[in-house]
Structure formats: structure tokens, C-alpha cells
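Asks: Take a look and give me a structure for this.
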Amino acid sequence: MEQDILLEINQLHKNYDDRTVLNGVNLKVHKGEVVVILGPSGCGKSTLLRCINGLEPIQSGDISLDGQSISAAGTDWHLVRQKIGMVFQSYDLFPHMTILENILLGPLKVQKRSQEEATRQAEALLERIGLLDRKDAFPRQLSGGQKQRVAIVRALCMNPEVMLFDEVTAALDPEMVREVLDVMLGLAKQGMTMVIVTHEMGFAKAVADKVVFIDEGKIVEESDAELFFTDPKTDRAKQFLNIFNFNEEKG
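Replies: Numbering: from 1, shown residues only. Model prediction:
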């Protein structure tokens, strides 16, 4: 099993001034695995994703992709980010460009692919998520859920090896959440390697192979998803899950 490790993090430390945000994080993500990262607000979940994608510098430790360190000095993040797709809470679509133009920007400008080939892939992905008929629309003409699905397609069109999702439904109205989560469930079934930060417990249960629970910058518990939700081992994880169970009953 060790030979199919795609992403590996060793003793990762991240500080903001004198505040420690990530304190010795170790994590292995295998090809085709869906890892869901859970934890209270401010525990370091989103910071971990941003470190993986080179958006935040780290103080010490190592991050490797395909067995090659990507955290060493001199890393060409321009190339690395073609292998590590990331989708954020905010869609960050260019308002003056059509949906198709937004999606094709990276493949054409960064990867220098042919217009015909990249367009064919983009349209196939848009059809898969039910938005091919909106390819010539502008972002302002789409709902939040539609824009987030387009943001996912934009990342996928770069043909990444792993996808990072940072609370992608947090800014959406409840009725729009399901359409985005359905796209991500589809990706999981197709074998996409994913690392997902979410507060959607039902979705986490449905999609995760492995759950990593972080608190105060440390991994407190890491286990098979089914075991985590049915029989968490640490008191902190039990406390966290009890809060969500209580909210579900009340809601």
C-alpha cells in the first residue's frame, strides 16, 4: 500500500508570527483516496490545504507529491499547481469572461494546449455537471451553486493528480449545497484523489475513505471514516461529533 502514496506530509509546522497554527502534522494520502479533514473553526484545516498548494510558506517539515518534495526552496509552484487543483469558498471567476472562457484560461495560457482539445474536455465536463447550456453565459448570470460547480470544472480541466476542496459549500444557500456535493461525490466514485475540508457531516460520512480530525494545529485522530463516525477513539473527537449530532436533532 505504501507504494501508491500520492501526497505525504511530514512534521509540518506553520506559524503566524508567534502563533503556532500547525504543529507537527503528519499525513499520507494514497492515490484514489478521499480524505476529509474535520475540526473546529480555527484549528488549522484550511491552512493545511494552503500549505499543500504553496499558498502559505511553512516554517519546517516536508510536503511531497509523487515522492518528490514540493516544499523545498526553489519549488516551481507554477508547475506544481497544475498537479494540485484547489477549489475555494469564493469561486474567483472572472466576471468579464464567459463560463467557457474562464475554464479554458489555464489549459490554453498555462499548459499551452490546443483550443480544440481543451474545449472538447471543458464541454464534456460541463455536460457532466449539467451546465453545458450555460457555457456562453457570464458568472453574474449563474447561481452560487452553479458558479461553484464551474470552479470545480475549471480545476479539473487542468488534469490535476489531486484535488483540494476548502469549505466549498460554506458560502452557499442551503438549497445550492446539494448540487455541489453531488459533483464531488461523483468525482469520488470516479477515483479522484481528494482532500476535503468541510463542516457538512452527512457529506463527510458519504464521501470519505479516511477522516483526519485536527484540533489546535495537531492531528488528534485519524481513522477509517466509518470507524470515526461510529466509534471515535478520543474524547475530543467524541465531543466534536456530539455537537453536530445535537444540532442535527434540533435542526
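Asks: Could you point out the helix or strand that follows the particular helix or strand that has residue 36 in it?
Replies: Assignment of secondary structure by DSSP states H and E places residue 36 within strand 34-38. Using DSSP H and E, the next helix or strand after strand 34-38 towards the C-terminus is helix 45-52.
Asks: Partner strands of the helix or strand that that next one is followed by and their direction?
Replies: Downstream of helix 45-52, the next assigned helix or strand under DSSP H and E is strand 60-65. Listed by DSSP bridges, the sheet partners of strand 60-65 and their directions read strand 5-16 (antiparallel), strand 68-69 (antiparallel).
Asks: Next, the angle helix 45-52 makes with strand 60-65.
Replies: Taking axes from the mean of the first three to the mean of the last three Cα atoms, to 10 degrees, strand 60-65 and helix 45-52 form an angle of 70 degrees between their directions.
Asks: Just the buried residues of strand 60-65, please?
Replies: Taking 16 or more other Cβ atoms under 10 Å as the basis for neighbour counts, the residues of strand 60-65 that come out buried are 61, 63, 64, 65. All C-beta atoms are positioned from the backbone trio N, CA, C, and that covers glycine.
Asks: With stretch 30-50 instead?
Replies: Result for stretch 30-50 [16+ other Cβ under 10 Å]: buried residues 30, 33-40, 43-50.
Asks: mind exporting it as CSV, just the C-alpha atoms?
Replies: Extracted C-alpha coordinates of stretch 30-50, given in CSV (Å, rounded to 0.1, in the frame of the first residue of the first chain):
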residue,chain,number,x,y,z
HIS,A,30,-3.0,7.4,-1.3
LYS,A,31,-4.0,7.5,-5.0
GLY,A,32,-7.7,7.4,-5.3
GLU,A,33,-8.3,8.1,-1.6
VAL,A,34,-10.8,10.7,-0.3
VAL,A,35,-9.5,12.2,2.9
VAL,A,36,-11.9,14.5,4.8
ILE,A,37,-10.4,16.9,7.3
LEU,A,38,-12.6,17.8,10.2
GLY,A,39,-12.1,20.1,13.3
PRO,A,40,-13.4,23.2,15.0
SER,A,41,-13.0,26.6,13.4
GLY,A,42,-9.5,28.0,13.6
CYS,A,43,-7.9,24.6,14.2
GLY,A,44,-5.7,24.8,11.0
LYS,A,45,-7.7,22.9,8.5
SER,A,46,-7.7,25.5,5.7
THR,A,47,-4.1,26.5,6.5
LEU,A,48,-3.1,22.9,5.9
LEU,A,49,-4.6,22.9,2.4
ARG,A,50,-3.0,26.3,1.6
